[in-house]
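Colleague: The following comprises the amino acid sequence and a computationally predicted model.
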Amino acid sequence: MTEDAGAAIQEWARLFNAGAYFEAHEALEHAWLRAAEPEKTFLKGLIHAAVALYQYRRSNGHGARVKYGSCVGYLSPYHPSFSGVQVSDLVSQMDRFFADLVSQPRGTPPPPPRHPWPAVRLEE
(Lines give C-alpha, C1' and ligand atoms only; values in the text may rest on other atoms or scores of the structure.)
Protein backbone atom coordinates (compact mmCIF):
# COMPACT_ATOMS: atom_id res chain seq x y z
CA MET A 1 0.00 0.00 0.00
CA THR A 2 1.41 3.34 -0.95
CA GLU A 3 1.61 6.11 1.60
CA ASP A 4 -0.81 8.20 -0.49
CA ALA A 5 -3.35 5.36 -0.57
CA GLY A 6 -3.02 4.88 3.18
CA ALA A 7 -3.76 8.55 3.81
CA ALA A 8 -6.68 8.42 1.34
CA ILE A 9 -8.15 5.41 3.17
CA GLN A 10 -7.90 7.28 6.48
CA GLU A 11 -9.78 10.23 4.96
CA TRP A 12 -12.31 7.92 3.29
CA ALA A 13 -13.01 6.23 6.65
CA ARG A 14 -13.46 9.57 8.42
CA LEU A 15 -15.91 10.81 5.78
CA PHE A 16 -17.69 7.44 5.46
CA ASN A 17 -18.29 7.27 9.22
CA ALA A 18 -19.58 10.85 9.17
CA GLY A 19 -22.17 9.89 6.53
CA ALA A 20 -20.47 12.02 3.86
CA TYR A 21 -20.63 9.22 1.29
CA PHE A 22 -20.14 11.28 -1.86
CA GLU A 23 -17.13 12.99 -0.33
CA ALA A 24 -15.76 9.62 0.85
CA HIS A 25 -15.93 8.36 -2.72
CA GLU A 26 -14.06 11.45 -3.91
CA ALA A 27 -11.37 10.98 -1.24
CA LEU A 28 -10.30 7.67 -2.82
CA GLU A 29 -10.68 8.58 -6.49
CA HIS A 30 -7.12 9.82 -7.07
CA ALA A 31 -5.51 6.94 -5.15
CA TRP A 32 -7.65 4.41 -7.04
CA LEU A 33 -6.67 5.83 -10.42
CA ARG A 34 -2.96 5.55 -9.55
CA ALA A 35 -3.10 2.16 -7.80
CA ALA A 36 -1.92 -1.20 -9.09
CA GLU A 37 -3.42 -4.56 -8.16
CA PRO A 38 -4.30 -5.85 -5.63
CA GLU A 39 -4.75 -2.38 -4.15
CA LYS A 40 -6.79 -1.10 -7.12
CA THR A 41 -9.68 -3.53 -6.75
CA PHE A 42 -9.70 -3.07 -2.98
CA LEU A 43 -10.02 0.72 -3.32
CA LYS A 44 -12.77 0.23 -5.91
CA GLY A 45 -14.67 -1.89 -3.37
CA LEU A 46 -14.41 0.86 -0.75
CA ILE A 47 -15.57 3.44 -3.30
CA HIS A 48 -18.57 1.29 -4.19
CA ALA A 49 -19.45 0.90 -0.49
CA ALA A 50 -19.68 4.69 -0.20
CA VAL A 51 -21.62 5.05 -3.47
CA ALA A 52 -24.09 2.33 -2.43
CA LEU A 53 -24.94 4.21 0.74
CA TYR A 54 -25.05 7.52 -1.11
CA GLN A 55 -27.59 6.05 -3.56
CA TYR A 56 -29.59 4.52 -0.70
CA ARG A 57 -29.84 7.90 0.98
CA ARG A 58 -31.00 9.41 -2.35
CA SER A 59 -33.78 6.75 -2.53
CA ASN A 60 -32.22 5.25 -5.66
CA GLY A 61 -32.99 1.59 -5.00
CA HIS A 62 -31.50 0.35 -8.26
CA GLY A 63 -28.23 2.26 -7.84
CA ALA A 64 -27.91 1.27 -4.20
CA ARG A 65 -28.54 -2.40 -4.97
CA VAL A 66 -26.05 -2.50 -7.87
CA LYS A 67 -23.25 -0.72 -6.00
CA TYR A 68 -23.82 -2.81 -2.88
CA GLY A 69 -23.45 -5.98 -4.96
CA SER A 70 -20.28 -4.79 -6.66
CA CYS A 71 -18.84 -3.58 -3.34
CA VAL A 72 -19.25 -7.03 -1.80
CA GLY A 73 -17.79 -8.67 -4.90
CA TYR A 74 -14.76 -6.41 -5.09
CA LEU A 75 -14.02 -6.76 -1.38
CA SER A 76 -14.46 -10.55 -1.20
CA PRO A 77 -10.75 -11.41 -1.75
CA TYR A 78 -9.66 -9.06 1.05
CA HIS A 79 -11.25 -10.72 4.10
CA PRO A 80 -10.74 -10.49 7.02
CA SER A 81 -8.73 -7.27 6.70
CA PHE A 82 -6.57 -5.42 4.21
CA SER A 83 -4.59 -2.21 4.43
CA GLY A 84 -5.85 -1.54 7.93
CA VAL A 85 -9.54 -1.87 7.06
CA GLN A 86 -11.57 -4.54 8.87
CA VAL A 87 -13.16 -5.77 5.65
CA SER A 88 -15.17 -8.66 7.12
CA ASP A 89 -16.79 -6.32 9.63
CA LEU A 90 -17.62 -3.74 6.96
CA VAL A 91 -19.13 -6.35 4.62
CA SER A 92 -21.19 -7.85 7.46
CA GLN A 93 -22.61 -4.42 8.26
CA MET A 94 -23.34 -3.77 4.58
CA ASP A 95 -25.08 -7.16 4.26
CA ARG A 96 -27.26 -6.44 7.29
CA PHE A 97 -28.07 -2.90 6.17
CA PHE A 98 -28.98 -3.90 2.59
CA ALA A 99 -30.89 -7.11 3.43
CA ASP A 100 -34.32 -5.46 3.31
CA LEU A 101 -33.63 -3.72 0.00
CA VAL A 102 -32.31 -6.81 -1.78
CA SER A 103 -35.28 -8.87 -0.58
CA GLN A 104 -37.70 -6.50 -2.31
CA PRO A 105 -38.60 -6.57 -6.00
CA ARG A 106 -36.28 -4.70 -8.33
CA GLY A 107 -37.32 -1.11 -8.87
CA THR A 108 -38.46 -0.73 -5.28
CA PRO A 109 -37.11 2.32 -3.47
CA PRO A 110 -35.01 1.64 -0.38
CA PRO A 111 -37.07 1.07 2.75
CA PRO A 112 -36.34 3.04 5.92
CA PRO A 113 -33.24 1.46 7.48
CA ARG A 114 -33.84 -1.02 10.28
CA HIS A 115 -30.14 -1.29 11.09
CA PRO A 116 -27.49 1.34 11.80
CA TRP A 117 -25.70 2.85 8.84
CA PRO A 118 -22.45 0.92 8.34
CA ALA A 119 -19.29 2.30 9.91
CA VAL A 120 -15.78 1.27 8.95
CA ARG A 121 -13.34 0.13 11.60
CA LEU A 122 -9.65 0.63 11.04
CA GLU A 123 -6.98 -1.48 12.69
CA GLU A 124 -4.67 0.33 15.06
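Modeller: Cool, got the structure.

Colleague: rest of the way, CA atoms for contacts and neighbours
Modeller: Noted.

Colleague: And the pLDDT for Thr2?
Modeller: For Thr2, the pLDDT comes out at 66.

Colleague: Apologies, that question was intended for Gly107.
Modeller: Note on Gly107: pLDDT of 87.

Colleague: Touching, it and Gly61? I think so.
Modeller: Yes. The criterion here is CA atoms under 8 Å, and Gly107 meets it with Gly61 at 6.4 Å.

Colleague: Show me the residue at the heart of the chain, geometrically.
Modeller: In the chain, the residue lying closest to the centroid (CA atoms, centre = their mean) is Ala49, at 1.7 Å.

Colleague: Just the element for that residue, please.
Modeller: In this assignment (DSSP states H and E), Ala49 forms part of helix 39-57.

Colleague: next one: Leu15
Modeller: Taking DSSP H and E as the criterion, Leu15 maps to helix 3-17.

Colleague: What's the mean pLDDT across the first helix or strand past that helix going along the chain?
Modeller: Where DSSP H and E defines the elements, the next helix or strand beyond helix 3-17 is helix 21-34. Helix 21-34 comes out with an average pLDDT of 95.

Colleague: Helix 21-34 vs helix 3-17, what angle?
Modeller: Relative orientation of helix 21-34 versus helix 3-17 (axes from the mean of the first three to the mean of the last three CA atoms, to 10 degrees): 160 degrees.

Colleague: With that, I have no additional questions.
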